[in-house]
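build me a model from this:
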Amino acid sequence: MRNRGHAGYVAWLVPFFSFLIVEIATGNLMRITLAGIVLNLVLYYLFYLGAFILFGNTRFTWPVMCLFFYIAGAGEYFVTDFRGRPIMFWDLLALGTAVSVSGNYSFHMTWGLFFSLVLTLLCMAVGWKYPLMLRKRDSHAANLYVLGTTGLSPRRGRRARRRKRLDMVLGRLIPSTAWLGVCTVFGGILFYVLVPGVCADVQMWDPVINFEKEGVLLSTVISLKNLFPQKPEGYSSEAVDTILAALPDSKAEFHRDKTIPVNVICIMNESFCDLEVYNELGTGRYFETNEDPLAFYHSLNKNAQKGRLYVPVFGAMTPNSEYEFLTGNACALAPSGSVPYQFYTRPGEDSLAGIFKRYGYRTVAVHPYPGRNWNRAKVYENMGFDEFLDLRALKATAEASSFKYPRGLMSDQSDYDALIALVENKEPGEMLFLFNVTMQNHGGYETASQEAATHVTDINGSECDGRFPRADEYLSLLRMSDEALKGLIETCGSWKEPTLVIVFGDHQPYLDEAFYEEMFGMRWSNVPSALKMNAFITPYLIWSNYDREIPEAEPQSTFMLGNTVLWEAGIIPEGFRKKLDELKAEFGAVHGMGTLDRQGHFTETGTWRELDENPLIHEFHILQYERMFGKSERLRR
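Alright, predicted model coming up:
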């Protein structure tokens, strides 16, 4: 090796400073535990060692790696700031989606980002000036930490050239194999010894806690084990048969005592929620606004069933709520932290679209954004939708000239106008099932591009006009959603065809961090699970333009709501969904954080294994695993 002097010191310091760069950029440096610091440093040194073995020269590779880690740290800061959730491996597969909505957010430099940038440029300059390189006559990994081979003296002839090529190959292979061996051993110790005993496993329903206390790189590596589906204990084809055989028989038919709706309109409204839930925490903390942003929703009573919905995500990850509603599968029992739309939907996927289609409905999905986002075009095809109208298709309709785009996103009013046109332009009597995902209220509330008419005026007895700009902009958008909902209900109320309308929120918005600290009285990472569950509540509404018996609006998880819709539409659930009805009768929520029974008792759980300790959830999990990953199609159609 050359330049051993200063380059040797630089070789030891650059990985350490890369750790500082990332954690200063995210603002988590002072919160990381001692064990987290040590294990993160081990990982950084392994990454840099691997790069040196591969390229044999630090002049180019280490400055590039320093820049990469800075970009990763800055990206981590912005993503967490925008949506309250760090970057996970699955997010890399949705990079196109992230880029398409990035224009709705405001990026600003913080002191942490600035200091990290200065440190990055310093490391890049020092790494360039004092490179660590291998001699040309040695192979790229020769003599590295006593693991390399010794270069041979040059010889003439074909035999010498063969020997030299062999030496080059062995010089790469031996240290690379040794490096992989070290990584394998460390990985085994990390996952089977340190995670159970020293570190906390990454809680994928709220990973920000782990990233704060254990660092970005360590938490990211630990989360990779969730890439692989794990079978529930006792899963087998025979176990599936036994569970299905114990279910009551039913025939695929409409309920004879129900009015059968000709039109079923399901709307998953982006970030639609009632923030009044924070005034009902029982902590004595409260906030007030200058007007009720959901005045119409709160006033709607006739033929309306309204309740609380426990969604699987907070601040982001819309497709997971969408997946639960359409399939009846619980994300809490799917691979932790995954986005099933990206991996786990296959042709013939059983969904509400397929069920309504079997009952004679034409099924149409509508989303006023590019269809490629979150793989929706392929997913909807796999789920059996007859048609998918994305933003491009909607812009080609006759109503496109009247569409409005506040903050560059289609308004709920324009979205609902498109739904109304689909119903009014169809053949009379044609049965139609619509599933719509709106965009108006999507995150990015700090741009101030939307005038805030609704404000938080008081919080815990203190005036606060303008203190929470994100909350003010969101509440103003929510007021627009409420007005659009009023127009939709009034129009549907004028139709002669029986129509059922379902509206629910996919998740709560991620607003000003100070707002949540005021409401909970503590940092987000310190909020106990029983209280934090309130951040996973959105409202649901089931309304009809005909008189019907309105059942009590019980709280339920998103994956349970589809069954509620089937019953209200006069369709009797079959097979897997009968087991879902059994689960719904006992639990109001089955969530990654825990369960809420029908008596209102919350039981905290950290993993799906803890959820599976309940026999009913365990049986449901076996059926869901068969449905998602089994080779048989008996539960998928």
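
lowest-pLDDT helix or strand in this structure?
Of all helical and strand segments in the chain, the minimum by mean pLDDT, DSSP states H and E falls on helix 95-101, at a mean of 51.

what about whatever helix or strand comes next after that one, average pLDDT?
Going down the chain from helix 95-101, the next helix or strand is helix 111-129, by DSSP states H and E. For helix 111-129, mean pLDDT is 85.

with only the CA atoms kept, save helix 111-129 in CSV.
Taking Å, rounded to 0.1, in the frame of the first residue of the first chain, the C-alpha atoms of helix 111-129 are listed here in CSV:
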residue,chain,number,x,y,z
TRP,A,111,-28.2,24.2,11.0
GLY,A,112,-27.9,20.4,11.3
LEU,A,113,-28.0,20.0,7.5
PHE,A,114,-25.5,22.9,7.0
PHE,A,115,-23.0,21.6,9.6
SER,A,116,-23.2,18.1,8.1
LEU,A,117,-22.6,19.5,4.6
VAL,A,118,-19.5,21.3,5.8
LEU,A,119,-18.3,18.1,7.5
THR,A,120,-19.0,16.2,4.2
LEU,A,121,-17.0,18.6,2.1
LEU,A,122,-14.1,18.5,4.6
CYS,A,123,-14.1,14.6,4.5
MET,A,124,-14.3,14.6,0.7
ALA,A,125,-11.3,17.0,0.4
VAL,A,126,-9.2,15.1,3.0
GLY,A,127,-10.1,11.8,1.4
TRP,A,128,-9.0,13.1,-2.0
LYS,A,129,-5.8,14.6,-0.7
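
buried residues in it?
Within helix 111-129, the residues that qualify as buried are 112, 113, 116, 117, 119, 120, 123, 124, 126, 127, counting by 16 or more other C-beta atoms under 10 Å. (Each C-beta comes from the backbone N, C-alpha and C, glycine too.)

all strands for the stretch 301-450 of the chain, in order.
304-310, 362-366, 387-389, 432-437 (DSSP state E, counting those that start in this stretch).

for those, give me CSV that also has distance to residue 453 and mean pLDDT.
As requested, the strands of the stretch 301-450 of the chain are exported to CSV (distance: least, C-beta to C-beta, whole Å; pLDDT from 0 to 100):
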stretch, distance to residue 453, mean pLDDT
strand 304-310, 24, 94
strand 362-366, 27, 96
strand 387-389, 31, 95
strand 432-437, 25, 97
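
for residue 133, find the nearest of those.
Smallest distance to residue 133 across those (C-beta to C-beta): 53.8 Å, for strand 432-437.

sheet partners, orientation included, of that closest one?
Its sheet considered, strand 432-437 pairs with strand 263-269 (parallel), strand 362-366 (parallel) by DSSP bridges.

redo the ones you listed as CSV? Include mean neighbour count and distance to residue 433.
Below are the strands paired with strand 432-437 laid out as CSV (neighbours: other C-beta atoms under 10 Å; distance: least, C-beta to C-beta, whole Å):
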stretch, mean neighbour count, distance to residue 433
strand 263-269, 25, 5
strand 362-366, 22, 5
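
residue contacts, residue 365?
Residue 365 makes contact with 353, 376, 380, 385, 387, 388, 389, 434, 435, 436, 437 under the criterion C-beta atoms under 8 Å, 6 or more residues apart in numbering.

same thing but at 7 Å, please
For residue 365, the contacting residues are 380, 385, 388, 435, by C-beta atoms under 7 Å, 6 or more residues apart in numbering.

ditto for residue 582
Each residue near residue 582 by C-beta under 7 Å, 6+ apart is listed here: residue 616.
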